[in-house]
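Trainee: sharing a model that was predicted from the sequence below.
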Amino acid sequence: MEAPGAGSNGWVIHSQRVQGSSVRACPARHAIVSARLPLGNVDWIATLQPISRRTAMAPITIYTKGWCPYCSAAKDLLNQKGAAFDEIEIDRQPDRRGEMIQRAGGRSTVPQIFIGERHVGGCDDLFALDRRGELDTLLAA
């Protein structure tokens with residue numbers, strides 16, 4: 001959901017539904033504002049981020065399975081970076097599994113992540129790029 005006046009220099013609002021008292025701070029590193037909004041029995045955490053972090057990024061493809069915790073972690077990191085990605089769930093589209101294995105040089109585990117034409121690898125590889133400070137550069141290419 002985009003805030004009024006959103007554009008290349010606007011803002012984007014990310015929201016997360018939470019229940020109970022186990023509300024934690026939003027993990028987004030680039031958050032400008034984060035607020036807890038109680039609505040009945042359900043709370044929402046809303047985070048305002050610059051929309052410019054979401055523009056001019058390399059195309060991203062991530063092959064996943066719906067039940068995979070490593071896939072979820074990789075998607076969460078990409079979402080925190082404001083990166084849009086195409087997700088291919090190979091448990092729902094089994095005909096795409098062969099494509100994934102071919103593109104990934106024989107690797108058959110999920111997730112398999114591609115940024116532009118570069119095969120990043122799996123979840124651990126994505127987080128390693130981020131720890132080294134290389135992920136933001138790769139996303140902006």
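Mentor: Received it, and whenever you're ready, just let me know what you need.
Trainee: going forward, measure contacts between C-alpha atoms and count neighbours the same way
Mentor: Noted.
Trainee: now do the strands in the protein.
Mentor: Taking DSSP state E, the strands of the chain run over residues 11-19, 33-39, 42-50, 60-64, 86-89, 112-115, 118-121.
Trainee: mean pLDDT for those: which is lowest?
Mentor: Lowest mean pLDDT within the strands of the chain: strand 11-19, at a mean of 47.
Trainee: in the protein, where is pLDDT below threshold?
Mentor: 1-56 (pLDDT under 70).
Trainee: pull the longest helix from it.
Mentor: As assigned by DSSP state H, the longest helix anywhere in the chain is helix 69-80.
Trainee: mind listing what's buried along it?
Mentor: Residues 70, 71, 72, 73, 74, 75, 77, 78, 80 are the ones in helix 69-80 that count as buried (16 or more other CA atoms under 10 Å).
Trainee: ok, the nearest residue to residue 57 once chain neighbours are set aside to residue 117 distance?
Mentor: The shortest distance from residue 57 to any non-neighbouring residue, by CA to CA, 6 or more residues apart in numbering, is to residue 140 (4.7 Å). Separation of residue 140 from residue 117 (CA to CA, to the nearest Å): 13 Å.
Trainee: quick one: which of these two has more around it?
Mentor: A count of neighbours by other CA atoms under 10 Å puts residue 140 above the other of residue 140 and residue 117, at 14 against 11.
Trainee: how is this structure divided into domains?
Mentor: For the chain, the domain assignment from automatic domain parsing gives the residue ranges 11-52, 56-140.
Trainee: identify the bridge partners of residue 121.
Mentor: residue 113 (DSSP bridges).
Trainee: just checking, it touches residue 113?
Mentor: Yes - counting by CA atoms under 8 Å, residue 113 is a contact partner of residue 121 at 5.4 Å.
Trainee: what about those two, which has more around it?
Mentor: Neighbours around residue 121 and residue 113, counted as other CA under 10 Å, are more numerous at residue 113. The numbers are 27 against 19.
Trainee: so what's the more buried one up against?
Mentor: 60, 61, 62, 63, 119, 120, 121, 122, 123, 126 (CA atoms under 8 Å, 6 or more residues apart in numbering).
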